[in-house]
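> What shape does this take:
(one chain, ligands or ions: 1)
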Amino acid sequence: MHILVLNAGSSSIKAAVVEAGTGERVFELGADRLLDRGGHRSALHPFLLELKDKVSGLNIEGIGHRVVHGGAAFDGATRITDGVEQQIEALSDLAPLHNPVNLAGIRLARELWPDLPQFAVFDTAFHHSLPKRAQTYALPKDLMREHGIRRYGFHGMSHKYVAGRAATFLKDDYRNLRIISCHLGNGCSVTAIEFGRSIETSMGMTPLEGLVMGTRSGDIDPGIPAYLQRKTGMDTAAIDALLNRDSGLKGLSGAGNDMRSILERSAEGDPDCQLAVQVYTHRLRKYIGAYAAVMGGVDAIVFTGGIGENSSVIRHRAAQRLDYLGAIIDEDLNNTLALTDTEDVISFSRSHSRVKLLAIRTDEQLAIARDCAKLLRHEDEVNTLPTIPIAISARHCHLTRATLDKLYGEGHELTVKKYLSQPGQFAAEETVTVVGPRNRIERVRILGPLRSADQVEISRTDEFFLGIDAPVRESGKVENTPGCQLLGPAGSADLEDGVICAWRHIHMTPEDAAQFGVQDRDVVEVAIGTSDRGLTFGNVLIRVSPDYKLEMHIDTDEGNAAEIQSGDSGVLNVTASEGQLRRRATVG
Ligand code: AMP
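Numbers count the residues shown, from 1 in each chain. Model prediction:
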């Protein structure tokens with residue numbers, strides 16, 4: 001399937017016709033932007049006319065537009081309608097340098113190719129999974145809500161793409177891996193991808209936060225702009241320009257923003273360039289360490305973007321002495337590696353290194369083309385979907401034989417109190433007391449049958465009550481989770497790990513999954529929209545097994561927040577994270 005991918009940026013415009021299956025470029029055209037005296041539209045117009053002429057013989061099935069800011073509204077690629085255009089326009093406040101020019105490209109392309117389906121693919125979408133704690137600045141909450149101030153993250157297509165390539169290379173599912181991906185190009189960002197989801201990223205509300213970049217400062221003391229204003233009389237626009245266009249490597253080195261020449265000058269002894277390289281890599285190492293801490297470990301660290309793919313010096317400075325994390329660099333491999341079209345992933349860690357160090361060629365155009373192709377393939381399917389019942393699951397635990405022995409005595413067998421909707425599962429008569437550092441919760445139900453690992457599933461409120469910081473996890477993923485103490489009538493058991501906040505999920509059979517067009521471990525969105533109060537649950541995990549019965553599980557906090565009761569009904573939108581399928585069905 002041929003997709004025309006358009007990236008109308010503030011300083012250049014690029015177009016490519018991409019075969020979405022193979023990634024082959026059938027046609028490419030690029031131009032530096034002319035000064036847009038007449039506005040973005042007149043600057044882009046000649047380019048797009050030329051493009052239209054040149055691709056007229058190609059069988060293009062859709063157009064994918066790169067859009068920088070999707071705000072809170074867009075968690076995935078979407079088909080462009082007049083409404084979507086308006087939403088992108090409304091987001092221009094958040095990205096004044098980027099969204100207006102992206103939008104001008106969209107409007108022109110819709111005029112020039114009125115019959116082709118067009119899609120917007122957002123830099124921010126992949127980071128929709130950032131947990132609240134990573135999204136939120138410590139500013140007054142009402143002010144943030146009013147103005148949409150929060151961390152959104154960028155470079156999402158690249159981070160998602162290289163995480164996928166890393167997993168394929170490591171012959172694993174990326175949803176089993178913790179990946180730190182470093183996109184080091186003209187713009188730079190690092191992302192912590194935990195089991196397939198972006199959970200922390202260095203760019204924030206705008207692409208200015210985080211790493212040192214070509215011309216952007218990255219993190220600075222937020223007191224500096226006000227200080228500069230007072231001391232120099234610079235106005236807001238001048239400070240904005242300073243931080244976006246004259247800082248970073250360019251500002252530090254005084255030798256432009258090209259890492260190649262900065263490295264050359266450093267080697268010749270230029271102290272400013274040397275310091276630029278040191279500040280750049282120091283900041284990067286700091287983020288890598290921080291993200292390993294956030295995820296409680298890491299399986300692969302990926303270097304991509306013009307600098308990450310090509311500079312052995314920067315990779316060496318960033319990745320040496322990471323032995324404490326389990327990442328051991330092979331300096332020879334790092335020095336000699338050369339990425340090509342056919343060898344687009346190369347490992348440069350030692351063979352015994354537990355953490356893999358990978359250089360990966362990123363391909364944002366292909367990522368865009370794939371998202372569009374997926375949407376095109378699925379959107380015509382008829383939706384006759386089954387209804388999905390919702391169940392609210394109270395706090396509970398799953399225990400091992402050994403733990404049950406400690407709590408209830410050797411060889412104790414659980415007594416069935418009630419069979420649950422999932423075949424074979426039951427709530428036992430037996431309960432335990434869960435003890436945290438702050439408080440204890442009594443009569444927490446044990447669910448049977450026994451399992452191979454202990455797991456205590458609590459709500460966010462329970463977590464704060466107990467004094468335990470538990471991550472949101474799918475059932476069974478208890479690595480690097482906190483423990484607790486359990487008390488039973490025959491004794492106590494100290495769990496080293498196993499306390500989680502259950503990730504809201506939908507159980508379904510393979511037949512259901514085929515019908516919904518989703519796969520096991522897809523992450524979807526569920527909108528429970530009754531007439532008077534609509535509510536959307538993002539980040540809903542799909543679990544597929546022939547043994548399951550179709551049902552969505554949320555915890556008591558979520559049930560309370562949504563005022564959901566048994567028998568409620570509404571509308572369900574399933575938005576698969578990969579390919580963003582939008583579907584509707586009734587839940588009840
Ligand atoms: P990108 O935005 O991904 O195209 O990356 C652009 C950046 O990559 C520029 O700062 C280039 O100087 C840098 N770059 C490209 N090739 C090399 C190289 N061989 N060594 C160091 N930096 C490089």
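
> and the closest residue to the ligand within the stretch 401-550 of the chain, how many neighbours does it have?
Among the residues of the stretch 401-550 of the chain, V523 lies closest to the ligand, at 27.9 Å counting by C-beta to the nearest ligand atom. Just so you know, the C-beta spots here come from the backbone N, C-alpha and C atoms, and that holds for glycine as well. Per other C-beta atoms under 10 Å, the neighbour tally for V523 reads 22.

> Please apply the same query to G83.
9.

> Nearest spatial neighbour of the residue most central in space within the chain, chain-adjacent residues omitted?
By C-alpha atoms, centre = their mean, the chain has its centre lying nearest to S198, at 2.8 Å. The shortest distance from S198 to any non-neighbouring residue, by C-beta to C-beta, 6 or more residues apart in numbering, is to H127 (4.7 Å).

> same question, R151
G204 (4.3 Å).

> List the backbone torsions phi and psi for G436.
With angles defined as degrees, to the nearest 10, G436 sits at phi -110, psi 180.

> Assign the residue nearest to the centre of the chain to helix, strand or coil.
State at S198, reduced to three classes by DSSP: H, G, I helix; E, B strand; the rest coil: strand.

> okay, now P389: neighbour count?
P389: 16 surrounding residues under other C-beta under 10 Å.

> Can you list phi and psi of the residue lying closest to it once chain neighbours are set aside for me?
With sequence-adjacent residues excluded and distances taken as C-beta to C-beta, 6+ apart, P389 is closest to E551, at 5.3 Å. Per-residue torsions, E551: phi -170, psi 140 (degrees, to the nearest 10).

> Is E551 bridged to anything, and to what?
Taking DSSP bridges as the rule, E551 bridges to H507.

> Quickly find the element holding the closest residue to L325 other than its chain neighbours.
Spatial nearest neighbour of L325, chain neighbours left out: A292 (5.3 Å); criterion: C-beta to C-beta, 6+ apart. Element membership for A292, per DSSP states H and E: helix 271-295.

> do the same with L357
Assigned by DSSP H and E, L357 belongs to strand 356-360.

> In space, what's closest to the residue in the stretch 51-200 of the chain that the ligand sits nearest to - neighbours in sequence excluded?
Closest residue of the stretch 51-200 of the chain to the ligand, C-beta to the nearest ligand atom: G185 (2.5 Å). Spatial nearest neighbour of G185, chain neighbours left out: G305 (3.4 Å); criterion: C-beta to C-beta, 6+ apart.

> Write out the residues of the protein neighbouring the ligand.
Contact residues (C-beta under 6 Å from any ligand atom) of the chain with the ligand: 185-186, 214, 258-260, 263, 305-307, 310-311.

> now with 5 Å?
185-186, 258-260, 305-307, 310-311 (C-beta under 5 Å from any ligand atom).

> Out of the residues you listed, which sit inside helices?
259-260, 305-307, 310 (DSSP state H).

> between those, which has the most around it?
Within these, I307 tops the neighbour count with 27 neighbours, counted by other C-beta under 10 Å.

> May I have the residues that are in contact with it?
184-185, 188, 259, 314 (C-beta atoms under 8 Å, 6 or more residues apart in numbering).

> So which of those residues belong to strands?
184, 188 (DSSP state E).

> Can you give me the end-to-end span of stretch 449-457?
As for stretch 449-457, its first-to-last residue distance stands at 15 Å under the measure C-alpha to C-alpha, to the nearest Å.

> what comes up buried for that stretch?
For stretch 449-457, a neighbour-count test (16 or more other C-beta atoms under 10 Å) marks 450-451, 454-457 as buried.
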